Structures are given as structure tokens and as C-alpha cells.
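Chemist: Kindly generate the corresponding structure for this input.
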Amino acid sequence: MSDKMNRIYELLGELDALMQDGIPILPGRIIVNQKELYKITHAFEETVPEEIQDARIIINKKDEIIQEAKLHAERIIQDAENERYNLLNESNLSKAMEEHAEKFRQSVFEECQQIKMQAFNEAQELRLNAKNEAINLKDNSQRYAQEVLAKLEQVLNSLYQDVMNNQQQLQEMKTSESMQKLGNE
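Modeler: Coordinates of the predicted model:
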């Protein structure tokens, strides 16, 4: 429990004790020490939690608070009506912007289609050119290879002829040496 609540219970106990010590004068009436009663009641005012004090202030100012709430509510209603008016104007503007955006979107779509078609045609043309160039390169490569092989064949034939001539000369030299050996014997 909070200190203030404990103090309230203590004060209630003191008040009860004060009543017990009071002098009865009529049924339901007693005489109590005025200074003690004053001290206890003022102690209650100091001990009352802030929430209760705030509530008391609010109750005392309720008419003022209600008036402020009404003015605030009227401002909110006026702001809402202004916002509704603005939204309606924005709605018309929004419609015009949506129509413009749709036309722009359609224009962009058509332009994209044209660019796509142009890119496709260029790609087809590049592919065809590359294919033709590859065929030309292949033909040129084969022609060059044929020429190199023909030259190589000529060189090899010439070398073969030289080898054959040299072998024949060697054979002739051997034969003539053998004959000379036979003739010398």
C-alpha cells in the first residue's frame, strides 16, 4: 500500500478515536475537541492522493472542460469537412492524373514494343551476318588449307625426287665401286 493510503487509514483511526472520546449530548450527536478535529481534517487534505485531487479539480472545472471539448469536437468536424472537400478535389485531380498516367503507360508500352521489335530485327540481322561471315571464314580457311597442302605436296614431291635421285646416285656409286674392285682383282 502507498504511504498516502496508510496515512489516510491512520487519520480515519484518529477520527474514530476522537469520536469515541467525544461527549454525547443528544442521540446521534457528540461534542469533540475542535482543534483535534481541525487538525485531522486538514491532514486529510494533505494526504489525499494526487489522482483524487486532480479528479476534484476536473469536477470543479467540468463545465469549462465540456465547453473546450465541444469546441475541439467542432474543430475536428470542420477539419473533417475541409478534408472531405480537399479529397473530392483531389479525387477529380487524381482521375485526371490516372487518365494521363494510363495514356503515358500505353505510349511507353507501344514504344517498348517498337524497341523490342527493332532489337529483334537487329539481332536477326546480326545473327545472319555472323552466320554468313562464319561460312566465308570456313570457306577461306578450307581454301587456305588446300593451298598449304598443295604447296606441301609439291615440296614433299620435290624432296622425294631428290631422295630418289640421291639413292640412285648412291646405288650407281656402289655399283661402280664394286666393279672397280672386281676389275682390280
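Chemist: what's the neighbour count on residue 24?
Modeler: 9 (other CB atoms under 10 Å). Placement of C-beta: from N, CA and C, glycine included.
Chemist: Help me confirm that it is found in a strand?
Modeler: Yes: when DSSP: H, G, I helix; E, B strand; the rest coil is applied, residue 24 is found to be in a strand.
Chemist: Spatially nearest residue to it (excluding sequence neighbours)?
Modeler: residue 30 (5.1 Å; CB to CB, 6 or more residues apart in numbering).
Chemist: quick one, what contacts the one you found?
Modeler: 19, 22-24 (CB atoms under 8 Å, 6 or more residues apart in numbering).
Chemist: Could you tell me which residues within stretch 13-24 count as buried?
Modeler: Under the neighbour-count criterion of 16 or more other CB atoms under 10 Å, stretch 13-24 has 15, 18 buried.
Chemist: for the record, mean pLDDT for that stretch?
Modeler: Mean pLDDT, stretch 13-24: 89.
Chemist: Show residues contacting that stretch.
Modeler: By CB under 8 Å, 6+ apart, stretch 13-24 touches 30-33, 36-37, 40.
Chemist: that older thread, confidence score at the residue nearest to residue 24?
Modeler: For residue 30, the model assigns a pLDDT of 90.
Chemist: For the remainder of this discussion, apply numbering that starts at 656.
Modeler: That works, and once the first residue is 656, the last one we named lands at residue 685.
Chemist: Quick one: distance of the lowest-mean-pLDDT helix or strand in the chain to the chain centre.
Modeler: One helix or strand of the chain scores below all others by mean pLDDT, DSSP states H and E: helix 705-715, with a mean of 72. Centre-to-centre, helix 705-715 and its host chain are 50 Å apart (CA atoms, centre = their mean, to the nearest Å).
Chemist: Show me what it is packed up against.
Modeler: Using 3 or more CB pairs under 8 Å, 6 or more residues apart in numbering; DSSP states H and E, no helix or strand is in contact with helix 705-715.
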